[in-house]
Each structure stands twice: as structure tokens, then as C-alpha cells.
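Chemist: Provided below for reference: sequence and predicted model.
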Amino acid sequence: DVKAMIENGKGGGNTISGLRFEKKVDLHKLLSEIPGYSLKKEANRAGLTVFYRETPVARCFRKNDFYKFLEENNIDWKKIISRKLLPDDALLVIVRETLFIIEVKFQKVAGSVDEKLQTCDFKRKQYQKLVYSLELKVEYVYVLNDWFRKPEYKDVLDYIQSVNCHYKFNELPLAWLGLPDNKEYVKSEKSE
């Protein structure tokens, strides 16, 4: 099954049940490559709208696009938080009324990422404050490469989960995000 393949670090490359990050890749590009999905810039709307078979299912924001989205909703971020947080990618999944903050962290050598992984609780709470009036839930998720499977990351990974943040290795399952996952194209079992 897909879950076992993902946990073992194999497969997933030819399935269409998730967004597969081979390296620091563009979320827009990954979504647009999935059959049935398209991304379009809509007039007077921040970011890109994600369509699945012509139905809007999500909105993608990168860096300052997120603040344009807040502005669109008459939210003055300066009155809520003291310093701008710029998300690598933010994905608002419409049907779940959930804003996913997605940070891709791929390492090949030990470095500064270690401490950055410990900031997810603070950042998630800052994003929650920003979208509070929109009644959106906020999920903070790291997409990590296999480097972070090393035993010395166990405490950090446990911490991430203990503060209600998430991490996935190499792939973000579409179903986990609440997006249609092309079940008719995928013969293997769906991941959680």
C-alpha cells in the first residue's frame, strides 16, 4: 500500500495520490502536473486558484501573496502581529476551511534547519491570529527529506507533533490535505 511505500521511502513517484517533492520544488508546478488539476490567476484575487476539473478547490499563496489575501479580506496584519511571516507556500483548502502552511526542508548536511524546525508552534499561532476572523483552521506542515529520518531528529520530530504541527517525508498526500486524489487513476490503496 501507498502508506507503507512512503514510510519505506519507496514508490510514490508514479502514483497520483500525493505531491512528491524530489527536491525544493514548486507547489504550483506539482499541483498543475496532476491530471484534472489546473491553476489560474483570477482577477482581483491574491495568489492562484487551484481547480480540480473546473471546480475551485483551493488557493495557493506564496510569500507576500498571503498578505494580499489578508488585505482582500480587510485584515490589517500590522494590527495583529508585530512582524510579517512569509510562508514558502500557503494552501487554503476551501472545502476544509483550512489554511496549510507548507515548509519544505531538504538537507544534505547538518545545519541551521535543526533550530528552524522548532519554530512551528509559534508560527502556527501567528497564522491562526491572522486568519481568526475568517474562521479558518491552520495546519503547519513540514515536508522533509530522508535526512531527517536520522535518530538525532527524533526529539525534534516528536516535538513538532506534540505542538499540533505535522511533518511528512518527501510527499504530501492529496487526501491528507483534503484535496481530490484521482482515485480512478491510482490502483494502489490510498494513504491516510
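Modeler: Okay, I see it.
Chemist: quick one, strands of this protein?
Modeler: 18-20, 37-40, 48-52, 55-61, 89-93, 98-105, 137-144, 166-169, 171-173 (DSSP state E).
Chemist: Check the residue lying closest to Ala175 once chain neighbours are set aside and give its pLDDT.
Modeler: The spatially closest residue to Ala175, leaving aside those adjacent along the chain, is Asp181, at 4.8 Å (Cβ to Cβ, 6 or more residues apart in numbering). Every residue, glycine included, has its C-beta placed from N, CA and C. At Asp181, the model reports a pLDDT of 79.
Chemist: ok, Asp181 touching Ser17?
Modeler: Yes: under the contact definition of Cβ atoms under 8 Å, Asp181 touches Ser17, with a separation of 4.9 Å.
Chemist: middle-most residue in the protein, spatially?
Modeler: The residue lying closest to the centre of the chain (Cα atoms, centre = their mean) is Ile102, at 3.2 Å.
Chemist: what's the closest non-adjacent residue to that residue?
Modeler: Asp89 (4.4 Å).
Chemist: How about Gln161?
Modeler: Tyr167 (7.6 Å).
Chemist: What distance do you get for that neighbour to Pro35?
Modeler: Taking Cβ to Cβ, to the nearest Å as the criterion, Tyr167 is separated from Pro35 by 27 Å.
Chemist: Compare those two and say which one has the larger neighbour count.
Modeler: For Tyr167 versus Pro35, neighbours defined as other Cβ atoms under 10 Å are more numerous around Tyr167 (19 against 10).
Chemist: which residues does the more buried one contact?
Modeler: Contacts were defined as Cβ atoms under 8 Å, 6 or more residues apart in numbering; by that measure Tyr167 touches Val141, Tyr142, Val143, Leu144, Phe148, Leu157, Ile160, Gln161.
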